[in-house]
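Asker: just a sequence and a predicted model for now, questions to come.
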Amino acid sequence: MRDIACHRTSHSSGPAGRRHTADVLTIRPAGLDDSPALFSLAQQAYGRYVGRIGRNPAPMDADYEAAVSTGLVWVAEQGQRIVGLLVLEIRDDHVLIENVAVSPNAQGGGVGSRLLTLADDQARERGLREVRLYTHEAMTENQQYYRRRGYQETHRSGDSGFERVFFTKNL
């Protein structure tokens, strides 16, 4: 698996005048050592939804060590910090995004889009033409975000005690 890097250059002024800094976003397969950081990121990313849903969203209670052992988990890093995660399941006719999350302090910087693009790439590499995902109906921001990225809502239903909205994207 290749690392995917994108470079974002920012300018900042300091006492020495204008200087350039580069934030490098690297996406790589997750290792077992990443499991605690993935769990922590999920707590940060999904914690704001507990009040809306009335309980922890499923990713807050996931077993990240087991997920990493499948070989279908990626992390997005900036510097030495994990700022995003992607968990996939490969199905017969599609790729399912089981979880995509971005640290609140990294949201709006393109991390989520890069992870969704990786999911598309994984589907194409396997000869699959569809990517699916779901979110909780109370996570209205996510629903809008996915629509802007080409996902179409297919249905809504209860699943594992959660009221979910299901989406698909044809590649």
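Answerer: Cool, got the structure.

Asker: so for the helix or strand containing residue 42, mean pLDDT?
Answerer: Following DSSP states H and E, one finds residue 42 within helix 35-46. Averaged over helix 35-46, pLDDT sits at 97.

Asker: same question for stretch 140-160.
Answerer: What stretch 140-160 shows for mean pLDDT is 95.

Asker: shouldn't residue 32 be in contact with residue 65?
Answerer: Yes. The pair residue 32 / residue 65 is scored as a contact, 6.2 Å apart, by Cβ atoms under 8 Å. Backbone N, C-alpha and C define where each C-beta goes, glycine included.

Asker: more neighbours, the two?
Answerer: Neighbours were counted for residue 32 and for residue 65 using other Cβ atoms under 10 Å; residue 65 has more, 14 against 10.

Asker: centre of the chain versus the helix or strand hosting the more buried one, how much separation?
Answerer: If you go by DSSP H and E, residue 65 is part of helix 64-68. Mean-position distance between helix 64-68 and its chain equals 15 Å (Cα atoms, centre = their mean, to the nearest Å).

Asker: from the contact counts, what lies against it?
Answerer: helix 35-46 (3 or more Cβ pairs under 8 Å, 6 or more residues apart in numbering; DSSP states H and E).

Asker: list the buried ones in the helix it packs on?
Answerer: Going by neighbour count (16 or more other Cβ atoms under 10 Å), the buried part of helix 35-46 is 35, 37, 38, 39, 41, 42, 45, 46.
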